[in-house]
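Engineer: What would the 3D arrangement of this be:
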Amino acid sequence: MRIPLALALLLSGLAAAAAQETRDLILVAGQSNAVGFDARAEELPSDARDEQTLFWWRVGDPPPDEFDGTSARQWTHLQFQPRTPPKTGPDGQRPPRQYGNFSAGSKGGFGPEIGLVRALIQKENRPLAVIKTAFSGTSVAGDWNVELPGTADSCYRAMLEESLAALAAAKTRGVLLRPRAFVWVQGESDANPKDAPAYEANLTKMLLRLRTDLAAPDMVLLLGVNTRFGNGKNPFMPGIVEAQKKVAASLPPAHYVDTTGAETLPPSHTHFTAAGTLEIGRRYAEALLERRP
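Structural biologist: So this is what the prediction gives:
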């Protein structure tokens, strides 16, 4: 019996919908503690479930350029990010810092994405996707500033470009990604007399723009910083922490994530260790789980 065209189209559409996979998307961004500067890959415990998570990344130093470590603009699975081989720029020179900006170890490093995803998988047991774009030593005022396009927003633009490319690439694989949460690990570089007073306003504008640019008005915002930055001697850190709390309160759904007590590397305590990085990832996951619908 011949099936009417309208019914055939309906059945075809239903089959396509059934074949489409939907995943929650977690975006991770910020500066060196989002990169995982001192979180050595050699100290990362293995977990076979990491292969269940789609992963896309770009990490490095400002400005974003050809020296960054990347997943080559393709999806892979959750993993540490390897040190990239030395590269030479068009002028024949190498930048003073590269390799994806991991400080030690031959293999590379990782950020809070590992601990976060592992904690979520343990509680929810559903597949996820992660896009990570992080650049060491960057400030909201000078690198993520959406109010100064073309002059002080290079990291924001890179994050948005990577995110849109990743979303499109997933769609071609039959995977629809739903932005669920934005994990922000940053603030240390704004802890100075010039930028600290504007941190709350600058961060608020960036987060509002991101929700708009990704068409994700209900994306949960998870904000945190290394509260021990400056080893107790930076007078602007309390203001940065307070600003993050105020931003979280003003842009629901959002949450300030306290990283106090997570292990940092002495003597400067500028960066989290591998154990500390896994710990803050778990704390971000706990904050997100508190806000489950």
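Engineer: List the first helix or strand encountered after the worst-scoring helix or strand of the chain on mean pLDDT toward the C-terminus.
Structural biologist: Here the helix or strand of the chain ranked lowest by mean pLDDT, DSSP states H and E is helix 5-19, holding a mean of 48. Scanning forward in sequence from helix 5-19 by DSSP states H and E, the next helix or strand is strand 21-30.
Engineer: Neighbouring strands - and their directions - for that following strand?
Structural biologist: Strand 21-30 has the following strand partners under DSSP bridges: strand 128-135 (parallel), strand 175-185 (parallel).
Engineer: what mean pLDDT does that strand have?
Structural biologist: Strand 21-30 shows a mean pLDDT of 98.
Engineer: ditto for stretch 111-118
Structural biologist: Taken as a whole, stretch 111-118 has a mean pLDDT of 98.
Engineer: gap between it and the chain center?
Structural biologist: Relative to the centre of its chain, stretch 111-118 is centred 10 Å away, using Cα atoms, centre = their mean, to the nearest Å.
Engineer: re earlier: please produce CSV containing the strands paired with strand 21-30, extended by distance to residue 23 and mean neighbour count.
Structural biologist: Where C-beta positions appear, they are placed from N, C-alpha and C, glycine not excepted. Shown next, in CSV, are those (distance: least, Cβ to Cβ, whole Å; neighbours: other Cβ atoms under 10 Å):
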stretch, distance to residue 23, mean neighbour count
strand 128-135, 5, 26
strand 175-185, 6, 22
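Engineer: And those: which comes nearest residue 29?
Structural biologist: Distance to residue 29, taken as Cβ to Cβ, is lowest for strand 128-135 among the strands paired with strand 21-30, at 5.2 Å.
Engineer: Could you give the bridge partners of residue 82?
Structural biologist: residue 108.
Engineer: is it true that it touches residue 72?
Structural biologist: No - contact criterion Cβ atoms under 8 Å: residue 82 and residue 72 do not qualify, at 11.6 Å.
Engineer: Of the two, which one has the most company?
Structural biologist: A count of neighbours by other Cβ atoms under 10 Å puts residue 82 above the other of residue 82 and residue 72, at 15 against 9.
Engineer: so who does the more buried one touch?
Structural biologist: Residues near residue 82 by Cβ atoms under 8 Å, 6 or more residues apart in numbering: 41, 69, 100, 107-108.
Engineer: 7 Å - rerun?
Structural biologist: 69, 107-108 (Cβ atoms under 7 Å, 6 or more residues apart in numbering).
Engineer: which other helices and strands contact the strand or helix carrying residue 282?
Structural biologist: Using DSSP H and E, residue 282 sits within helix 274-289. Secondary-structure packing of helix 274-289 (3 or more Cβ pairs under 7 Å, 6 or more residues apart in numbering; DSSP states H and E): helix 113-124, strand 220-224.
Engineer: mind putting the ones you listed in CSV, mean neighbour count and distance to residue 142 included?
Structural biologist: Output for those, formatted as CSV (neighbours: other Cβ atoms under 10 Å; distance: least, Cβ to Cβ, whole Å):
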stretch, mean neighbour count, distance to residue 142
helix 113-124, 21, 24
strand 220-224, 25, 19
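Engineer: Distance to residue 264 for the ones you listed - can I get that in TSV?
Structural biologist: Below are the helices and strands packed on helix 274-289 laid out as TSV (distance: least, Cβ to Cβ, whole Å):
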stretch	distance to residue 264
helix 113-124	15
strand 220-224	13
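Engineer: Cheers, nothing more for now.
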